[in-house]
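Trainee: Kindly generate the corresponding structure for this input.
(2 chains)
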2 protein chains.
Amino acid sequence: MLTLAVFSLLLHFAIQASSPLDQVFHYIDEHQDDYVQRLKEWIAIQSESGNPTKREDVIRMMQVVGEMIKHLGGTVELTDVGNEEFADGKIIPLPPVVLGELGKDPNKTTVGIYGHVDVQPAKIEDGWSTDPYLLTEKDGNLYGRGSSDDKGPVLAWLHAIEAFQALNQELPVNLKFIFEGMEESGSKGLDELLKEKNETFLSNIDYIVISDSAWLSKKPALTYGTRGLCYFLVEVQCANQDLHSGLYGGTVHEAMTDLIALLDSLVNSTGYILIPGIDSDVMPLTDEERVLYEGIEFNLEAFKRTLDITELLHKTKEDVLLHRWRFPSLSIHGIEGAFSGPGAKTVIPAKVTGKFSIRLVPNMDPDKLSSQVTTYLHGVFAARGSPNRLRVALEYGSKAWVTNFTDKQYDAGRRAIRKVFGTEADLIREGGTIPVARTLQHTTQKSVMMLPIGGADDGIHSQNEKLSRNSYINGTKLLAAYIAEISQF
Amino acid sequence: MLTLAVFSLLLHFAIQASSPLDQVFHYIDEHQDDYVQRLKEWIAIQSESGNPTKREDVIRMMQVVGEMIKHLGGTVELTDVGNEEFADGKIIPLPPVVLGELGKDPNKTTVGIYGHVDVQPAKIEDGWSTDPYLLTEKDGNLYGRGSSDDKGPVLAWLHAIEAFQALNQELPVNLKFIFEGMEESGSKGLDELLKEKNETFLSNIDYIVISDSAWLSKKPALTYGTRGLCYFLVEVQCANQDLHSGLYGGTVHEAMTDLIALLDSLVNSTGYILIPGIDSDVMPLTDEERVLYEGIEFNLEAFKRTLDITELLHKTKEDVLLHRWRFPSLSIHGIEGAFSGPGAKTVIPAKVTGKFSIRLVPNMDPDKLSSQVTTYLHGVFAARGSPNRLRVALEYGSKAWVTNFTDKQYDAGRRAIRKVFGTEADLIREGGTIPVARTLQHTTQKSVMMLPIGGADDGIHSQNEKLSRNSYINGTKLLAAYIAEISQF
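Mentor: This next block holds a predicted model:
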């Protein structure tokens, strides 16, 4: 019978004898608690880019990211991308974009890694089971705002690099980092920066990889397309101050009545968008394309069960996925300026701003869509004969992105997935919007791939966002494996 | 030429020689800064009855009122009226009702005074120019939440009494006080209390007077009717958690889409309520009644100008007033659970609750209306074929109130107005809801009159609520004059 000491010794030799990448995997497994601890520190920074009062937190988050890249031996520029101006005239600085560089060996492949460390707003009152900014582990899941979208994946990249270095393995690629803090708010300032840096910082990048999305099922995935997004504000004003519904109800054209009618004119109960002209801009679906969807692993019943939904807008797996990735959708998010608290308030709000967004697919264009939406809503409003003031504004817009998934980088992605998970990758799209994928591809004309590590049920943008410990740790291995694979091209 | 000293002496004699009521008026003028200071202390207490987190403030406010009545020599009971239960199962105590008594002379008339010291919610972010809970005087106006509705008027009563006492004038009536802290939230607990106290505390009251409304114009007014109120909640739930609009948009029946359609089915652009069956419950308007409206002072242009409104729902003074007082109206106040903050959030809210209310007129009945609304909304929802969960609830309901304005109390009111303002009173109604007027009249079968002191432009329930210093001080005189006049009946 082996003693424990002898067993440990044999294990030690086994590791020594294993491949360099296996050693990296082992190191990652051994250090997972450190990785969780560092994620906890990052989650604690409330870097909500959509909330102007938290801008300082976003800026601090960018500094933390920059420091970590420096710690890995990289060089970092915290790039000023100007200010953000609000409707009320307030101007605050945009968070800097972190441009980092690690390695300049002309014989190595250079990989550009994009990620973001800002988050969607979150409050415990929204219905979180735990403080959204205190990473909490439960049943193998790491709960916290940004755990999956996108602080966990960004940390996974940095930890993968750290693992190579800790084992004194030479990093087989040069790396360039583009980490931003405005992704959840339209990536303001980034497009201009990327254009500006195309001939310098971006010029020698060979491949761009983005880990900011999720698998569709339990099967690992590579993502070759995302939908675009146009976020609209519809503001109606009826008076110069909120009014008492007893004193003024029945005498004034209420802004809320107009706004509700405008919002109700956007989409019908089947999810069909009622704004004229959109259909003709959607790239027609081919039979070949439809066939692709049949092979993808996706359990419709599990999908519904997780959300406690009895019936979806569409019946088959293929139709659901097509409407999630391949067709536009419209969601009404809420109203600013109306009564939104608990209890009862008998107010006629003076100025209300409806917020809705449309997910774009090829070949929809944000400017054209904005003009279609504006014309349509002004028409609906005119038909009401209301004397109130209407303003329709496109808050931000980005096109969809789709790329060729048969190139070398996708090969490297497939091989990395095989190595870590022992299975083939599903080739999927993303219903959400990562505009930078399209921007990076268009600006650099290089291959862009999304290599997700998050789970389908991570609840990003929602209450109780989480990343499982497994996704986090195996994801870190996957990114390390990708680095090893892409270095061979 | 008279020296200043001699002038002062003559003034002194003139006051000595003036009527006792004139002396009260003079005393009120002299002490107005004290009255403003006390209003400031009351405004500082954030007694929002609709906000469960501020319940302690409401309870403290009730104690302050009780102490002040005791200070005037009255006896006070802080009457427990039970608990409030919320949809989420939370139970908190209702604020006590202050029942006070001052004077028990069987040869004197006994007047019941009703008022409330809770307020509508207010936050500086709603668009107030000053802190809503810091009374701020500017251009002769006293700005602060509750200044006009209804802390100022309640204090005016107590100061009027204090003035009689300070001058050692015997109070010519017995007084009973009914001051509550849930008026802005459906007067929960009050109806039962009044019924319970009808044979005891309320039994020997001769007249009931309420100072909780406003003049219609610059002309003083007596109010003989109020509209009722039914406050409805419409809750739609589509999933067990908020969803990301990119990941789920196009696949799920969104709760917001359903809710917006439900809210849009309630009222059309002319303000007409679309819920079937309501019209037939509205007491038909007679020609005699319409004529009454012609004599009332009301400047339509000034009304629009104050609110910066170009066009009202109706064209003539009479029609505007009829739709403000005599016909039902529906207002949509807001949505709880949807995104309501600044900026952009791409969420599909899982559970949203629309809040709207209908102002009731004779002979509408809250229970019948609730059933009409519920049936109608469930019908609209069923027609959509949505699998989501709908819940329609009546948060609270109260009937309209109209009384005979030719009785003795209204005579006393008219005479008091003549004495203080040297003009005739306009006989008006109130578009808002003071359910206690009806409850008190129905329970006690005594004359109920509303004797407002607030101005038409006080902005109650709105940003920058105010009471002018003139209204506050002359209002205090009016209430003193009323006490003197009613004592003669």
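Trainee: mind listing what's buried in stretch A:157-172?
Mentor: Buried residues in stretch A:157-172, counting neighbours by 16 or more other CB atoms under 10 Å in any protein chain shown, are found at A:157-164, A:169, A:171-172. In this view, the C-beta of every residue, glycine as well, is placed from N, C-alpha and C.
Trainee: Show me the shaky parts of chain A.
Mentor: By pLDDT under 70, the low-scoring segments of chain A are A:1-17.
Trainee: Apart from its neighbours in sequence, what residue is nearest the residue in the stretch 101-250 of chain A that chain B sits nearest to?
Mentor: Nearest residue of the stretch 101-250 of chain A to chain B (CB to the nearest CB) works out as residue A:246 at 2.6 Å. Of all residues not flanking residue A:246 in the chain, residue B:432 sits nearest, at 2.6 Å (CB to CB, 6 or more residues apart in numbering or on different chains).
Trainee: Need the phi and psi values for the one you found.
Mentor: Residue B:432 adopts backbone torsions of phi -80, psi -180, taken as degrees, to the nearest 10.
Trainee: Please apply the same query to residue A:21.
Mentor: Dihedral pair for residue A:21: phi -70, psi -40, per degrees, to the nearest 10.
Trainee: List the contacts of it.
Mentor: With contact set as CB atoms under 8 Å, 6 or more residues apart in numbering or on different chains, residue A:21 has these partners: A:419, A:480-481, A:484.
Trainee: if you set the cut-off to 7 Å instead, what comes out?
Mentor: Counting by CB atoms under 7 Å, 6 or more residues apart in numbering or on different chains, residue A:21 touches A:480-481, A:484.
Trainee: just curious, which of these is nearest to chain B?
Mentor: For the contacts of residue A:21, the minimum distance to chain B (CB to the nearest CB) is 25.9 Å, reached by residue A:481.
Trainee: sorry, back to before: and the contacts of the helix or strand the residue of the stretch 101-250 of chain A closest to chain B falls within?
Mentor: Assigned by DSSP states H and E, residue A:246 falls within helix A:245-248. If you take CB under 7 Å, 6+ apart as the criterion, helix A:245-248 is touched by A:346-348, B:227, B:331, B:357, B:359, B:431-433.
Trainee: With stretch A:268-279 instead?
Mentor: Outside stretch A:268-279, the residues that touch it by CB under 7 Å, 6+ apart are A:265-267, A:313, A:328-330, A:358, A:372-373, A:376, B:250, B:384-386.
Trainee: Could you tell me which of those count as buried?
Mentor: A:265-267, A:313, A:328-330, A:358, A:372-373, A:376, B:250, B:384, B:386.
Trainee: want to throw the residues you listed into CSV with secondary structure and distance to residue A:20?
Mentor: Putting the buried ones among the contacts of stretch A:268-279 into CSV (DSSP: H, G, I helix; E, B strand; the rest coil; distance: CB to CB, whole Å) gives the following:
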residue, secondary structure, distance to residue A:20
A:265, coil, 61
A:266, coil, 55
A:267, strand, 53
A:313, coil, 49
A:328, coil, 46
A:329, strand, 45
A:330, strand, 50
A:358, strand, 48
A:372, helix, 55
A:373, helix, 54
A:376, helix, 59
B:250, coil, 44
B:384, helix, 60
B:386, coil, 56
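Trainee: Among those residues, which pair sits farthest apart?
Mentor: Greatest spacing in those, by CB to CB: A:372 and B:386 (26.2 Å).
Trainee: what's the span of stretch A:95-113, first residue to last?
Mentor: End-to-end distance of stretch A:95-113 (CA to CA, to the nearest Å): 19 Å.
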